[in-house]
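J.: Here's my sequence, what's the structure:
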Amino acid sequence: MRSKTSLTQKILIGLVLGVFFGIILSKLPSGFIKDTIIINGILRLVGGIFINSIKMLVVPLVFISLVVGASSIGDINKLGRVGVKTIAFYLITTCIAITLALIVANIIDPGIGLDLSNVIKKEPTIGTAKSFVDVVIDMVPINPIASLANGTMLQIIVFALLTGVTMALIREKAQPVIDIFNSLNEIMMKMVMIIMLIAPYGVFALITNTFATVGFKAMGPLLKYMAAVIITLIIHAGLTYMGILAGLGKLNPIQFLKNFAPAMSVAFSTASSNGTLPVTIETMEQRCGVSKNIASFTLPLGATINMDGTAIMQGIAVVFISQVYGIDLSLQAFLTVILTATLASVGTAGVPGVGLITLSMVLQSVGLPVEGIALIMGIDRLLDMCRTVVNITGDAVCTIVVSKTEGEFDKEVYYAKNE
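T.: Next up, the predicted model:
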């Protein structure tokens, strides 16, 4: 069985080889072999198949994942205020994360310096002619089947959330359908893993094509993109999370970082919120003083619906790709990105690679070319490791704050000298 590490290495190798091969191609004179056989033949074939594979998964993955995610929070009726506090915390912090991402990205301008506007001619679908009120009204689908067929993402999200919540409310009667969707979700996750196996070849073909067109100058924007993501992750974790912990929780953030370090290290190495979940729960109970009753609800729910790190990546990627392709986004388009990414976080599975699939959904919501994903895919696994740490940190801070408000927090355990 191929390990996740070996796949990461293959993607990085594909990226590096694509850069070098693309630069070499850019120096060669135009001709039949270069233009027809290599660029418009082999590279276009491999890259096109890979991009279409990603597009193929978007609608079924988003719909099924959101239904499963929404149906899994049915216990909110039993847990009452705990469920409301937890879900409100996750959605609000995700909204803050994506907003921070858009602000930082527009300051750094990661896509400036790389011009691919001649490659794809496309206009954003959310323009100034349509008010945000109309955008919100249009979120409610008149014909859900047509929305699924046409890939109208906001309408798909709303219909999926409504379906999942309704299934949760009538859980016993809907259990057979819930089981079917859980099985379908497993199938989609496996399908994502299969598509990711061809990622190294797709990344090689698409990156080679990019560098063959623009040359070495593409490296600068990629480095700025990485810097923008990491800076925003640090700001969100340091200011938003630690600020909430100190302000609402009245606790020392430094002590939290010491206590939570074991879970962070596992999250960084696995790049999986779900894979880290057992360690996260144990760490919160044994080292942070959170009760089992609270942790057993908020942490699994967070691994399902709280993906602030992924939202940050998506926000910066939207700005990066729009700048690279020379597409101006309006304020309404940015609001649509915030809304789409926040709602989509409910169904973003905590496994490596899925964030890029849901990114394609966010891109489609404002009419940006999905092909732009190829530019960032080679370096995404490194960023995925960083944003997974932020994801589980948000889960942990929420758990502590909720636990304190419910009087189920042991302060002595939190400040104990953990080895």
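
J.: tell me which element the most centrally placed residue in the chain falls in.
T.: Closest residue to the average C-alpha location of the chain: residue 310 at 3.0 Å, with CA atoms, centre = their mean. Here residue 310 sits within helix 308-324, counting by DSSP states H and E.

J.: for this structure, which helix is longest?
T.: Longest helix in the chain, counting residues (DSSP state H): helix 373-405.

J.: Can you check what angle separates that helix from helix 308-324?
T.: 150 degrees (axes from the mean of the first three to the mean of the last three CA atoms, to 10 degrees).

J.: Can you name the next helix or strand after helix 373-405?
T.: Using DSSP H and E, the helix or strand that follows helix 373-405 in sequence is helix 411-414.

J.: List the contacts of residue 99.
T.: Contacts for residue 99 (CB atoms under 8 Å, 6 or more residues apart in numbering) come out as 315, 338. For glycine as for every other residue, the C-beta is placed from the backbone atoms N, C-alpha and C.

J.: following the helix or strand bottoming out on mean pLDDT in the chain, which helix or strand comes up?
T.: Among the helices and strands of the chain, helix 76-79 carries the lowest confidence by mean pLDDT, DSSP states H and E, at a mean of 50. Beyond helix 76-79 on the C-terminal side, the first helix or strand identified by DSSP H and E is helix 81-108.

J.: tell me what the helix or strand just after that next one is packed against?
T.: Going down the chain from helix 81-108, the next helix or strand is helix 132-138, by DSSP H and E. Secondary-structure packing of helix 132-138 (3 or more CB pairs under 8 Å, 6 or more residues apart in numbering; DSSP states H and E): helix 153-169, helix 331-344.

J.: Try it again at 7 Å.
T.: Counting contacts by 3 or more CB pairs under 7 Å, 6 or more residues apart in numbering; DSSP states H and E, helix 132-138 packs against helix 331-344.

J.: helices and strands around the helix it packs on, which ones?
T.: Partner elements for helix 331-344 (3+ CB pairs under 7 Å, 6+ apart): helix 81-108, helix 132-138, helix 153-169, helix 308-324, helix 354-365.

J.: Could you tell me the per-residue confidence at the residue nearest to residue 287 when sequence neighbours are not counted?
T.: Of all residues not flanking residue 287 in the chain, residue 259 sits nearest, at 4.3 Å (CB to CB, 6 or more residues apart in numbering). Looking at residue 259, its pLDDT is 90.

J.: for residue 355, same thing?
T.: 67.

J.: remind me which residues of the stretch 251-400 of the chain are low pLDDT?
T.: 269-270, 344-356, 378, 381 (pLDDT under 70).

J.: correction: the stretch 1-150 of the chain
T.: 1-8, 73-80, 118-132, 135.

J.: 50 - rerun?
T.: Applying pLDDT under 50 to the stretch 1-150 of the chain flags the ranges 1-4, 78, 124-129.

J.: so who does the nearest residue to residue 141 once chain neighbours are set aside touch?
T.: Distances taken as CB to CB, 6+ apart place residue 155 nearest to residue 141, at 3.8 Å, with adjacent residues excluded. By CB atoms under 7 Å, 6 or more residues apart in numbering, residue 155 lies in contact with 139, 141, 147.
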